[in-house]
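Colleague: everything below, folded, please.
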Amino acid sequence: MFRSSPLNSGSVSRRQALGFGVLGAATLAAALTGCGSTNADKPAANAVPEGFPSYYPADYSKIVDASKAEGGKLTIYSNTDQENWAPILRDFKAKYPWTQVSADNLDSDEVFQRQLSEMATGKAPADMLVSNAVQAWASYGEKSDTLMEYDSPETKQLPDYAQLMPNVWAMSLDPVGIAYNTALMKEAPTSIAGLAKTVTADAAGYKNKITTRDVKGAWGFTVSHAFAEGSSDAWTGLDEILPSARPESSSGTQKEKILSGEYVAGFFISSAVGYPAEKASGGLVKFVLPTDGTVVLGRGIGITPKAPHPATAKLFLDFVLSETGQNAVAEGGLSSYRDNVELSEGRHTYQEVEKLAGKDGIIRVPYTMVPDAEVTAFVSKWNAQLGS
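Modeller: Predicted coordinates:
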């Protein structure tokens, strides 16, 4: 507490005393103002860097600066098509102009096989892995030192199911559906049971004209097994379709052969291929979600344990999970899942899948391992049904 002292009239005039008092008051006020200004500046010093949401940490600029020091390079091993990546890489580059991202398009299993083999040599160039092969992710994650520990500031802004496993988030939540050639199949198959009914009515005509995914691959097994487990009448329809079906190792191959007419229809095709194919084909290819059970896969994204460019990898992960990133995800044909994604023609969201398939009709696949014995039994049963 400040306490005033009595003036000595014998040594200081009244005018001087008043002047001193005014000056002292002014000096004190200035000092107090200066102190107040310093306290007011403290929150600014701890403020989130410009251009980032308020929930980002105050020292996030260190990651930005570190990315610049790395040269902004980023290598991603993924099973995602370039047309899906295009808007994401464009908008990431717009936000971080110094970055250079290379996103390889590999087979689902190859993403992990390549990373593990390169890790064994001590020279692993990939910074990030992106894949929706659940079994492969679960197997990879069970091994030690395969993922970098990182807590994205976006995590708390996302639904609980956004984190698929420790240090792996969903870049998108993509449904799996039926694609068909509208010129060759007049009656639209809206369910697996409906497709089975159509095939059964003309078994000779549909022989080898239906395609499905190869269940010996991680992705094919995951979606097929998930449907069989998640739909009570699954095998009733599958038993009728499989004798007319041939397996393919990728949705891209299936799409091309449906377009050409080699196949009339395909089931368990990724929407990442199905939606863009429908848009680009001018109506020749139609993609639908089965009403008797729609499998939804999280497209996992994670940072490798010894990423050559860890800061840029963190920037990319946070961007993909952000509102801007999720809008780019939707623009590229993948299904985003943030509530504030702008809906327009050609964009798809997980919320849309819930409306079309119904919450009870969605079969969401957890990132956990299926026991080997169960995998072997399922693959044997499935392949025994396939036509020659």
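
Colleague: pLDDT weak spots in the chain?
Modeller: 1-48, 388 (pLDDT under 70).

Colleague: which stretches in it count as helices?
Modeller: Using DSSP state H, the helices assigned to the chain run over residues 14-45, 61-70, 82-95, 108-121, 134-142, 192-201, 218-230, 234-241, 251-260, 271-280, 310-321, 323-331, 350-357, 372-385.

Colleague: distance between stretch 208-216 and the chain's centre?
Modeller: 26 Å (C-alpha atoms, centre = their mean, to the nearest Å).

Colleague: and it, what's buried?
Modeller: Lys209, Ile210, Thr211, Thr212, Arg213, Asp214, Val215 (16 or more other C-beta atoms under 10 Å). (C-beta placed from N, C-alpha, C; glycine too.)

Colleague: tell me the two of these that are most distant?
Modeller: Pairwise distances across the buried residues of stretch 208-216 (C-beta to C-beta) peak at 19.3 Å, for the pair Lys209 and Val215.

Colleague: can I get the buried residues of stretch 208-216 in JSON lines including distance to Leu259?
Modeller: Shown next, in JSON lines, are the buried residues of stretch 208-216 (distance: C-beta to C-beta, whole Å):
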{"residue": "Lys209", "distance to Leu259": "14"}
{"residue": "Ile210", "distance to Leu259": "15"}
{"residue": "Thr211", "distance to Leu259": "12"}
{"residue": "Thr212", "distance to Leu259": "17"}
{"residue": "Arg213", "distance to Leu259": "17"}
{"residue": "Asp214", "distance to Leu259": "20"}
{"residue": "Val215", "distance to Leu259": "24"}
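
Colleague: can you get me a residue count around Gly293?
Modeller: Other residues near Gly293 come to 25 when the count uses other C-beta atoms under 10 Å.

Colleague: before we move on, what about the one 3 residues further on?
Modeller: Using other C-beta under 10 Å as the criterion, Val296 is surrounded by 26 other residues.

Colleague: verify the stated contact: it with Asp174.
Modeller: Yes. Here Val296 reaches Asp174: they are 6.8 Å apart, a contact under C-beta atoms under 8 Å.

Colleague: tell me the one among the buried residues of stretch 208-216 nearest to Thr155.
Modeller: Looking across the buried residues of stretch 208-216 and measuring by C-beta to C-beta, the closest to Thr155 is Arg213, at 31.2 Å.

Colleague: my guess is that closest one meets Ala226, correct?
Modeller: No. Contact between Arg213 and Ala226 fails when scored by C-beta under 8 Å: they sit 11.7 Å apart.

Colleague: so Gly217 touches Phe112, yeah?
Modeller: No. When contacts are counted by C-beta under 8 Å, Gly217 is not listed as touching Phe112 (11.9 Å).

Colleague: against Ser117, how distant is Lys123?
Modeller: In this view, Lys123 and Ser117 are 10 Å apart by C-beta to C-beta, to the nearest Å.
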